[in-house]
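Novice: sequence first, then the predicted structure:
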Amino acid sequence: MDPGPPAPQAGILDQARRRPHSAVQRPYVEGRIINTLIRLKNNGKAESTLKHVSYRLTYLARHCDLNNAEEVCRFIAEIHVSNAYRDTFVKSYSYYAKLNGLVWEKPSYKSERKIPKIPSTEALMKVISATPKKYATIFRILMETGLMPYELAHVSLRDIDLDKGTLAARGFKGHSSRAFKLKSETLAMLKEYVQKYYKEYPFPDADWMGKIWRRIRNRTAEKLKEPSIGVD
């Protein structure tokens, strides 16, 4: 059965408002977190960014005083995580500090960049072949165009020209905006997809695309007894 997008849920701001107070997180700190998220949303930050910032600020608030930058800095330094993950707490707290008029010396954590494992076309096609039609179409477009899931999620119907067989996408994280001429088989799949999921933004949330991909990829790797397919 084809898994659809998650059921509609309250926005991240509503979720933050409903969180119970902890012994450490005073109501006024929670209010500041919510105001930080509101201002970030007003500044155009993506819902996924708000979700991550909300989680990290709430986590920090449970363990230290968010209005004491030195205490926060010390706590982040002592978390038993990788430098890359530690840096996500630094970035989230930087938003909070800046928007709440706090001064802090932003620490810098260097992390060793791993060489990404790029799956072969054969491995990708094995996963796509095991995927229900809706996501098979999505994954084939991502494979063929090299788009990031976030970029595809922001493709609207106006960006798709089924007559010319093209799909245009706005760039993200340094990528340029560009247009792609789709292969005939991919175009045929897209035509059927658009007819079935006809709305202004027909593609699902980027996080959901990633979740479905990992689920099917790992299941395929196990079924075919090819563990390398399931490794990032």
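Specialist: Happy to help now that I have it.

Novice: show me how the record splits this structure into domains.
Specialist: 12-99, 121-230 (automatic domain parsing).

Novice: mind putting these in TSV, mean neighbour count and mean pLDDT included?
Specialist: Quick note: C-beta positions are derived from backbone N, CA and C, even for glycine. Listed next are the domains of the chain as TSV, based on neighbours: other Cβ atoms under 10 Å; pLDDT from 0 to 100:
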stretch	mean neighbour count	mean pLDDT
domain 12-99	16	83
domain 121-230	16	91
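
Novice: those domains: which one's closest to residue 107?
Specialist: Comparison of those against residue 107 by Cβ to Cβ identifies domain 12-99 as nearest, at 6.0 Å.

Novice: for the closest one, the distance to its chain's centre please.
Specialist: Relative to the centre of its chain, domain 12-99 is centred 17 Å away, using Cα atoms, centre = their mean, to the nearest Å.

Novice: quick check: residue 86 vs residue 80, distance?
Specialist: As judged by Cβ to Cβ, to the nearest Å, residue 86 and residue 80 stand 10 Å apart.

Novice: quick one on the thing from earlier: so which of the domains of the chain comes closest to residue 110?
Specialist: That would be domain 12-99 among the domains of the chain, by Cβ to Cβ, at 6.3 Å.

Novice: contacts for the longest helix along the chain?
Specialist: Of all segments of type helix in the chain, defined using DSSP state H, the longest is helix 206-224. With contacts defined as Cβ atoms under 8 Å, 6 or more residues apart in numbering, helix 206-224 is touched by 3, 5-6, 48, 126-127, 130-131, 135, 138-139, 142, 148-150, 152-153, 203, 226-230.
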